[in-house]
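[1] the following comprises the amino acid sequence and a computationally predicted model.
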Amino acid sequence: MAMATAWTDSAALRAQVRKLWDKGALLAPLVDLSAQPDLPAPPEPPGWPLRLKLAAPSSSDLSPRFAEVRQWAAELRQHAGPYRLQERELRHREVGQQSLPEAVWLDSLGAAIAWLGKSRDAQQFSGLVAATRSAQPALLPWLARRPLAALSLAAVWPQLLAVVAWLQTHPRPGIYLRQVDIAGVDSKFIESHLSVLTEWLDIALPAKSIDTSASGIGQFARRYGFQDKPLRVRLRWLDAPPDGLQPLGADISITHSAFAALAPAVRRVFITENEINFLTFPPVQGSLVVFGAGYGFAALAGTHWLQRCAVHYWGDIDTHGLAILDQLRASVPHAQSLLMDEATLLAHRAHWGQEPTPVLHDLPRLTAAEAALFDGLRQHQWQTQPQVQLRLEQERIGFGWVQQALTHLLPIDSHVT
């Protein structure tokens, strides 16, 4: 029966119903149906009975493939029960009058769920709906949109509802997550469920309790008014520290607020993304070096004394390194690149590597020379294999080359605006 594979059999019908389950379409209606618990038999949701797609033999198939058509119809009738077949009578001059399936119906939502063996899941979901309707009815639309996600959280549903209720009672609490005191809930639990809690809290809390300028999991604490652990800046003095308490080159870490309040008597600040380069950065008079944080420059934002210093950024010579430089200039517009130029790239050809996922969008804050380097990288100007994205990691640059570049920096007055 190889030629009949285009005709819908019972397995294909069940696969259609399984797709509905996977999209949440069989559970979502239970949210509305649960609002009518006193009815002895709640009505079926809109769209039910549901007609399934059926690819059936045509009348021209009856004569040449009569045995296959009968086998197809028999298979559908044999497995009917979860679904109802609607048949039509055909009169054919060669095979006579025949009755063949022309439509397949699912008469009830419950029958569809039972066909998949998901009745227990549906019952559990209805329990989640009932608990939410009682405790946090504003979250019911979320349940209708994300029923399968709700099922995956069933074991911790009461604790999640408790966190929402606690924040409704304690808006913008100003404490660390560790200090939240809820029975059966600890800070590790909250940290493990930040994604769903963000979705719920945005729905359940009043607008005044949410700092919408803070987004993403990393800014959960700030968004909902918890105290966040302070941002820290890791730095080394490349000259004698101003207080004389730290030895030259000491690796220290201070809070963002302490860094912003430093106002040190330095003329240059270097930022490097590689830890070894940070630790081995050569001594430079009146300077310090900061260990970078990739695309995160929140710890440097608002540090006003940086505006009077020459700021030099040293990153990888690849599209991401230049993208980070571009982002830094949003906070520190006068930042300059260091050792991120075509001459350095070409002088270290033996140390070239591959960048796995390059940045392709334009970078508006690059200088003309940096933009030319960026375009050359993303357009494969120097590669012999166009499919390979070139990069030169900063730690592969010769140390002597680094020292020479530092001795050729322009006088400080040429950098500060």
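    Received the coordinates, thanks.
[2] ok, and what's touching the longest strand anywhere in the chain?
    When the chain is scanned for its longest strand (criterion: DSSP state E), the result is strand 96-106. Residues external to strand 96-106 that are found in contact with it (C-beta atoms under 8 Å, 6 or more residues apart in numbering): 8, 13, 17, 48-52, 54, 56-57, 62, 69, 73, 76-77, 82-92, 112, 115. Bear in mind the C-beta positions are built from the backbone N, C-alpha and C, glycine included.
[3] drop anything exposed from those residues.
    Judged by neighbour count, with 16 or more other C-beta atoms under 10 Å as the criterion, the buried members of the contacts of strand 96-106 are 8, 13, 17, 48, 50, 52, 54, 56-57, 62, 69, 73, 76, 82-83, 85, 90, 112, 115.
[4] among those residues, which are located in strands?
    50, 52, 85, 90.
[5] which one of the residues you listed is nearest to Ala258?
    Among those, Leu50 lies closest to Ala258 (C-beta to C-beta), at 64.0 Å.
[6] ok, Leu30 touching Val129?
    Yes: with contacts counted by C-beta atoms under 8 Å, Leu30 reaches Val129, the gap being 6.2 Å.
[7] how about Phe291, phi and psi?
    Dihedral angles phi and psi of Phe291 (degrees, to the nearest 10) take the values phi -80, psi 120.
[8] residues touching it, list them.
    Residues in contact with Phe291, defined by C-beta under 8 Å, 6+ apart, are 234-235, 272, 275, 278.
[9] re earlier: how about the longest strand of the chain: buried residues?
    Taking 16+ other C-beta under 10 Å as the basis for neighbour counts, the residues of strand 96-106 that come out buried are 98, 100-101, 104-106.
[10] point out where the stretch 151-300 of the chain drops to low pLDDT.
    242-248, 293-296, 298-299 (pLDDT under 70).
[11] cutoff 90 now
    Within the stretch 151-300 of the chain, the stretches with pLDDT under 90 are 213-216, 218, 228-233, 239-252, 254-265, 273, 292-300.
[12] going along the chain, name the helices of it.
    Ranges of helices in the stretch 151-300 of the chain, per DSSP state H, counting those that start in this stretch, are 157-169, 187-192, 194-204, 220-223, 256-260, 275-280.
[13] out of these, deepest packed?
    The highest mean neighbour count among the helices of the stretch 151-300 of the chain, using mean count of other C-beta atoms under 10 Å, belongs to helix 220-223: a mean of 19.
[14] need phi/psi at Trp7.
    Per degrees, to the nearest 10, the backbone of Trp7 is at phi -80, psi 140.
[15] so what's it up against?
    Remark: with contacts taken as C-beta under 8 Å, 6+ apart, Trp7 is in contact with 55-57, 72.
[16] which one of those residues is nearest Pro241?
    For the contacts of Trp7, the minimum distance to Pro241 (C-beta to C-beta) is 79.1 Å, reached by Ala55.
[17] mind listing what that closest one touches?
    With contacts defined as C-beta under 8 Å, 6+ apart, the neighbours of Ala55 are 6-8.
[18] ok, it to Thr272 distance?
    Counting by C-beta to C-beta, to the nearest Å, the gap from Ala55 to Thr272 is 63 Å.
[19] ditto for Pro158
    49 Å.
[20] and for Lys19?
    If you measure Lys19 against Thr272 using C-beta to C-beta, the figure is 52 Å.
[21] more neighbours: which of these two?
    For Lys19 and Thr272, the more surrounded residue by other C-beta atoms under 10 Å is Thr272, and the numbers stand at 24 against 10.
[22] Thr280 is in contact with the more buried one, correct?
    No: here Thr272 does not reach Thr280: they are 9.9 Å apart, not a contact under C-beta under 8 Å.
[23] any idea how far Val163 is from the residue nearest the centre of the chain?
    What sits nearest the mean C-alpha location of the chain, by C-alpha atoms, centre = their mean, is Gly216, with 8.7 Å. Taking C-beta to C-beta as the measure, Gly216 falls 19 Å from Val163.
[24] nice, that's everything, thank you.
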